[in-house]
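*Asks:* got a predicted structure here, sequence first:
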Amino acid sequence: MKLKKILATALLGASSLNMMGSGYEKVVLWSAKNSGMANSGASSMVSGADAVYYNPAGLSWGSEGKLTNNNWNDHQVSVNFSPTRVQFEGAVVSSARTSESDASWLPISALLASHRINNQWAVGYGFYTAGGTVAKHSNVDFTSVSSQFSNYRPNVKADITLTEFALSGGYQINSNFSVGAAWRVLMVRGEFASAKVSYLASNNQAVAMSGVEVKDLKDEKYNGFRLGMQYKSDDRKWGMGLTYRSSVTFKATGATSGGVIYTSVGQAVMASQSVTVSPNTLYALNQSGSTTVENSLPDQLTLGGYYNLTSAWTLAGELAWTNYSKNNEVRTAGSVVDTSSGATTALPNTAQGWKDMYQMKLGAEYEMQKDLTLRGGYALTSQVTSSTAAKATFSAPGLGHTFTFGGSKGFKNNSYFLDLAAEYSVASKSGQTADESTNALLLTPPMTGKFVASAMGIHAALKINF
């Protein structure tokens, strides 16, 4: 390989998809009722339309306020809106500087319906947010590394939305057991951008800064499913729920662009290969063909239970495992043409090194009166991102903590329910970015610092029973 090609590869390196950092899912997404208890009762207590997503076995128990074994004329519509403010901090430019992302709002929502056909069968369907994140570091200033980077201020961001449509069915085996299944259609939309600085290995001087942006990533997959089971004791004092979500691998197609800017040191390096560039001048990276990005929303298993301490107090807990260790790399196909050197460079795969995600959720519910209920919950999420591959655009490489509270109010003999909840989630830990060096000539060493991810959400839902 010619040195010019080596230089082009080093300048791009892992910057193509340097945004991938942790799991795609928050502890709570939508459903104010379940969010109020940090989803601790989601698998075991859910019923009605929300069961389309949380546990399809809950469909056969009917809607809230009408939960009887012989009421077949039972239908529910669930409208959910959960605007969530997210923000991320971490090293983007250098170890000496912590970058704080723009405050972004996630428009998380869901619209679902359920219909009980007879004493045993029920169906449901709906669209809902299944995962995603937004982290934007806009117009990042790299002049603290070199004043000759002043004419290029790239974006560093991860903006991905996972939406699903599900068609579900539930069957009540007897007065204690119910089972359910759902067919899931996953829709992926995303945009990513990253930037990196390359240093000369011999003296650690900055050579160039490059940025790559992938836009309009889209894909739809039709092969997902979810299975569920619920058990309720004869006296209804306690119950359990079990769910399994299948893995869905997506391969999204989009468009790539970018740029590279050199210092005077980089000018000399390129001149040694008979390539003329000017310092502090932006050279475009143009797409050569389409770009595809392949990754997975992995399989997940949840097990939960509840216990009625009194007629008013209910405690709930849930354990969840998500197979994020399956995502060991982002598989990328595509290439760009560096207009400064004329070299065409393939976009590389990017190592993720994620760990499996484990969640422990605890919650309580207090029924003040027949049409008024208060809730609270806490969830602990294990570290998914490696401490040696942290990103300022995804969850921090540490334990996640989620605190929630909320309540429900029924109207017109519980024909309508208004659910409200609030959440605060945070993860924080010191770590370092991955070493993105691709050869012995140009290095992109790790950046160290403290990485923080936080979210504040308001959850609102209207349930209509008829």
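*Replies:* Yes, it's here. Numbers count the residues shown, from 1 in each chain.
*Asks:* any idea which helix or strand carries Thr292?
*Replies:* Element membership for Thr292 (DSSP states H and E) is strand 282-297.
*Asks:* partners of that strand, with directions?
*Replies:* strand 248-262 (antiparallel), strand 329-338 (antiparallel) (DSSP bridges).
*Asks:* and the first one, how far out from the chain middle?
*Replies:* Distance of strand 248-262 from its chain centroid, counting by CA atoms, centre = their mean, to the nearest Å, is 18 Å.
*Asks:* after it, which helix or strand is next?
*Replies:* For strand 248-262, the succeeding helix or strand toward the C-terminus, using DSSP H and E, is helix 264-271.
*Asks:* show me the contact partners of that following helix.
*Replies:* By CB atoms under 8 Å, 6 or more residues apart in numbering, the residues outside helix 264-271 that reach it are 7, 148, 200, 205-208, 262, 276-279, 340-341. Just so you know, the C-beta spots here come from the backbone N, C-alpha and C atoms, and that holds for glycine as well.
*Asks:* which of the strands paired with strand 282-297 sits closest to Gly228?
*Replies:* strand 248-262 (17.2 Å; CB to CB).
*Asks:* what comes up buried for the closest one?
*Replies:* 248-250, 252, 254, 256-262 (16 or more other CB atoms under 10 Å).
*Asks:* from the residues you listed, which is closest to Ala316?
*Replies:* Of all the buried residues of strand 248-262, Ala316 sits closest to Val248, with 27.9 Å by CB to CB.
*Asks:* buried stuff in stretch 183-203?
*Replies:* For stretch 183-203, by 16+ other CB under 10 Å, it's 183-201.
*Asks:* now do Glu64, the pLDDT please.
*Replies:* Per-residue confidence (pLDDT) for Glu64: 55.
*Asks:* correction: Phe250
*Replies:* 91.
*Asks:* now Tyr306
*Replies:* 97.
*Asks:* so it sits right up against Ser233, yeah?
*Replies:* No: contact criterion CB atoms under 8 Å: Tyr306 and Ser233 do not qualify, at 10.3 Å.
*Asks:* which one of these two is surrounded by more residues?
*Replies:* A direct count of neighbours by other CB atoms under 10 Å for Tyr306 and Ser233 places Tyr306 higher, at 24 against 12.
*Asks:* now the more buried one. Nearest residue, chain neighbours left out?
*Replies:* Excluding the flanking residues, the one nearest Tyr306 by CB to CB, 6 or more residues apart in numbering is Ala316, at 4.2 Å.
*Asks:* among the strands paired with strand 282-297, which gets the worst mean confidence?
*Replies:* strand 329-338 (a mean of 84).
*Asks:* that one: how far from the chain's middle?
*Replies:* With CA atoms, centre = their mean, you get 22 Å for strand 329-338.
*Asks:* for the chain, longest strand please?
*Replies:* Across the chain, the longest stretch assigned as strand under DSSP state E is strand 206-232.
*Asks:* would you mind getting the angle between it and strand 248-262?
*Replies:* 160 degrees (axes from the mean of the first three to the mean of the last three CA atoms, to 10 degrees).
*Asks:* okay, the angle between strand 206-232 and helix 264-271?
*Replies:* 100 degrees.
*Asks:* counting contacts, what elements does the following helix or strand past strand 206-232 pack onto?
*Replies:* Following strand 206-232 in sequence order, the next helix or strand is strand 238-245 (DSSP H and E). Applying 3 or more CB pairs under 8 Å, 6 or more residues apart in numbering; DSSP states H and E, we find strand 238-245 packed against helix 42-45, strand 206-232, strand 300-308.
*Asks:* in strand 238-245, what counts as buried?
*Replies:* For strand 238-245, by 16+ other CB under 10 Å, it's 239, 241-243, 245.
*Asks:* for the closest residue to Lys237 other than its chain neighbours, what are its contacts?
*Replies:* Leaving aside its chain neighbours, Lys237 sits nearest to Asn308 (4.7 Å; criterion: CB to CB, 6+ apart). Shown in contact with Asn308 (CB under 8 Å, 6+ apart): 236-238, 314.
*Asks:* identify the bridge partners of the nearest residue to Pro446 once chain neighbours are set aside.
*Replies:* Distances taken as CB to CB, 6+ apart put Gln432 closest to Pro446, at 4.1 Å, once the chain neighbours are dropped. Beta bridges link Gln432 to Thr448, judged by DSSP bridges.
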